[in-house]
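>>> Curious how this folds, go ahead:
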Amino acid sequence: MAVSAQKQFSSNTKKKKEPHSEKANKCVASSNIAAAPLRILRSNHDFKRHRIELRIDLSLSPMATAGLLRSLRRRELHAASVSSAYRFSSASAGGRKTELRLDGVKDIIAVASGKGGVGKSSTAVNLAVALANKCELKIGLLDADVYGPSVPIMMNISQKPQVNQDMKMIPVENYGVKCMSMGLLVDKDAPLVWRGPMVMSALAKMTRGVDWGDLDVLVVDMPPGTGDAQITISQNLKLSGAVIVSTPQDVALADANRGVSMFDKVRVPILGLVENMSCFICPHCNEASFIFGKEGARRMAAKKGLKLIGEIPLEMKIREGSDEGVPVVVSSPGSVVSKAYEDLAQNVVNALKELRDNPENEIQMKLNVPHSSGSSYNKP
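Numbers count the residues shown, from 1 in each chain. Just a heads-up that it's a prediction; the model follows:
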């Protein structure tokens, strides 16, 4: 990954100067990501304008890169202000162990959460339907929550998938979305008392063993948490990115942070955070009540250098639509909550486009340091 940095600076003539390449290396070495490979490729000096431009060869994941920027803000450069623009792609250095591509599927995104009960599945379902109907894309929805499959109920599908001549299952379609779930393959009330290898085998069949056809995006409703199933899916599928769902309270955000760290370790870019149940809007007076806290996901996104791509209000229509098998983007088009899901879908499309348009991971950063009177810069 290449990092471009420009910094305006001043130096006290009485102090001994050290080469700026050494200073940059020392700054990174003193941070929490000192193990990252860093090499100064080019150093351009503009002495009249007191500016130095460094081009740095740096192989970091998005999370570690955000850590570098925070370190640069705090440490030796003593920047008065920092402005930065991030562009990340799934082509992060080092790669993943395997990269299974599904024939005809352009992008695969994971919708994940660090814990259950935050509305991950309802977010995945409404996101998929909004991508299909509002954004007019070819969409698939894979319910990877083997132990608690909820997509069949939420999408109002119950028929067993057919098998084609290649012995691959044909997804069941509703609301313009192709769906596959373990809930379609076992009896409705049958408990899945399976150990890890059986779960991995089932997940493999629902990916490799399904004829998805041509899809723009396959949305994967991940199991909650950060266990074997989540890691295996992340490593074995060519994921374009992940969407992390959380509620605003600290307990949920702590678990969401673990989810972010997991995807960082397996080198899957985070498309953004979604704050579900962000507020409750009274249907009588339209006053917003922040039942689970206010802007918790927004603060976490800012801290981690991520984007907040969705804020979904706490709305009874979501629960009713989920129970009745009619996603709220279908049952209540034009409503506030439906618009929130449509905005989320568009933000996901924009994030995927940004990744495709920038095949190389890159950061653009500008550091401004106050100019001291009588200071000067000596050419190294």
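>>> so where do the strands sit in the protein?
2-8, 38-46, 51-58, 81-87, 105-112, 139-143, 172-174, 177-181, 215-221, 241-246, 270-281, 288-289, 308-314, 362-368 (DSSP state E).
>>> Least confident of those strands, on average?
For the strands of the chain, the weakest mean pLDDT is recorded on strand 2-8, namely a mean of 37.
>>> How is this structure divided into domains?
The chain breaks down into these domains under automatic domain parsing: 2-88+361-368, 105-357.
>>> Can you mark which positions in stretch 313-328 are buried?
Neighbour-count burial for stretch 313-328, counted by 16 or more other C-beta atoms under 10 Å, picks out P313, L314, E315, K317, I318, G321, S322, G325, V326, P327, V328. Using the backbone N, CA and C atoms, a C-beta is placed for each residue, glycine as well.
>>> measure the third one to Q249 for me?
Here E315 is placed at a distance of 18 Å from Q249 (C-beta to C-beta, to the nearest Å).
>>> ok so, going back, restricted to helices, list the buried residues of stretch 313-328.
If you go by DSSP state H, the buried residues of stretch 313-328 have K317, I318, G321, S322, V328 in helices.
>>> for the spatially closest residue to the second one that is not a sequence neighbour, what are its contacts?
If I follow you right, that is I318. Sequence neighbours aside, V328 is the residue nearest to I318 in space, at 5.1 Å (criterion: C-beta to C-beta, 6 or more residues apart in numbering). The contact partners of V328, taken as C-beta atoms under 8 Å, 6 or more residues apart in numbering, are N126, E315, K317, I318, G321, S335, V337, S338, Y341.
>>> isn't the last one right up against A130?
Yep, that's Y341 we're talking about. Yes: if you go by C-beta atoms under 8 Å, Y341 and A130 touch, sitting 4.8 Å apart.
>>> Could you tell me which residues touch both of those two?
Between them, Y341 and A130 share the contacting residues V329, judged by C-beta under 8 Å, 6+ apart.
>>> For the residue lying closest to A256 once chain neighbours are set aside, give its distance to N347.
Spatially, and ignoring its direct neighbours in sequence, A256 is nearest to S246 (3.7 Å; C-beta to C-beta, 6+ apart). Distance of S246 to N347, given as C-beta to C-beta: 16 Å.
>>> quick one on the thing from earlier: ok, and which of the domains of the chain has the densest surroundings?
The highest mean neighbour count among these, using mean count of other C-beta atoms under 10 Å, belongs to domain 105-357: a mean of 19.
>>> distance between the ends of that domain?
One end of domain 105-357 to the other measures 18 Å (C-alpha to C-alpha, to the nearest Å).
>>> ranking the domains of the chain by mean pLDDT, which is last?
domain 2-88+361-368 (a mean of 45).
>>> rewinding a little: looking at the contacts of V328, which one is closest to Q159?
Set against Q159, the nearest of these by C-beta to C-beta is G321 (20.5 Å).
>>> check contacts around the closest one.
Applying C-beta under 8 Å, 6+ apart to G321 gives the contacts M154, P327, V328, V330, S331, S332.
>>> Next one: M198 from D189, what distance?
M198 sits 19 Å away from D189, going by C-beta to C-beta.
>>> Quick one: work out the angle between the longest helix along the chain and strand 241-246.
Across the chain, the longest stretch assigned as helix under DSSP H is helix 336-357. Interaxial angle of helix 336-357 relative to strand 241-246 (axes from the mean of the first three to the mean of the last three C-alpha atoms, to 10 degrees): 150 degrees.
>>> A130 is in contact with V219, correct?
No: using C-beta under 8 Å, V219 is not in contact with A130; the gap is 10.3 Å.
>>> these two touch, right, D107 and L218?
Yes: contact between D107 and L218 holds when scored by C-beta under 8 Å: they sit 7.2 Å apart.
>>> partner residues bridging the residue nearest to A256?
According to DSSP bridges, the partner residues bridging S246 are E275.
>>> quick one, what contacts K294?
P248, C279.
>>> for A144, same thing?
L203, M206, V220, D221, M222, P223, A229, I233.
>>> Any chance of these in TSV with distance to G296 as columns?
Shown next, in TSV, are those (distance: C-beta to C-beta, whole Å):
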residue	distance to G296
L203	31
M206	33
V220	25
D221	23
M222	21
P223	23
A229	26
I233	26
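>>> tally of neighbours for R101?
10 (other C-beta atoms under 10 Å).
>>> next one: phi and psi at the closest residue to it other than its chain neighbours?
Nearest in space to R101, with sequence neighbours left out and distances taken as C-beta to C-beta, 6+ apart, is K238 at 4.9 Å. Per-residue torsions, K238: phi -80, psi 80 (degrees, to the nearest 10).
>>> Please report the distance of K238 from R299.
K238 is 32 Å from R299, by C-beta to C-beta.
>>> so what's the closest residue to L141 other than its chain neighbours up against?
Leaving out its chain neighbours, the residue that sits closest to L141 by C-beta to C-beta, 6+ apart is A128, at 4.4 Å. Neighbouring residues of A128 by C-beta under 8 Å, 6+ apart: I139, G140, L141, V177, V219.
>>> So the fourth one is in contact with K138, correct?
Looking back up the chat, that one is V177. No: applying C-beta under 8 Å, one finds V177 not in contact with K138, separated by 9.3 Å.
>>> picking up where we left off before, just confirm the residue nearest to A256 contacts S278, I think it does.
No: contact criterion C-beta under 8 Å: S246 and S278 do not qualify, at 10.1 Å.
>>> what residues are shared contacts of those two?
Any residue near both S246 and S278 by C-beta under 8 Å, 6+ apart counts here, and that gives A297.
>>> re earlier: what's the closest of the buried residues of stretch 313-328 to G213?
P327 (21.4 Å).
>>> Right, I'll call it a day here.
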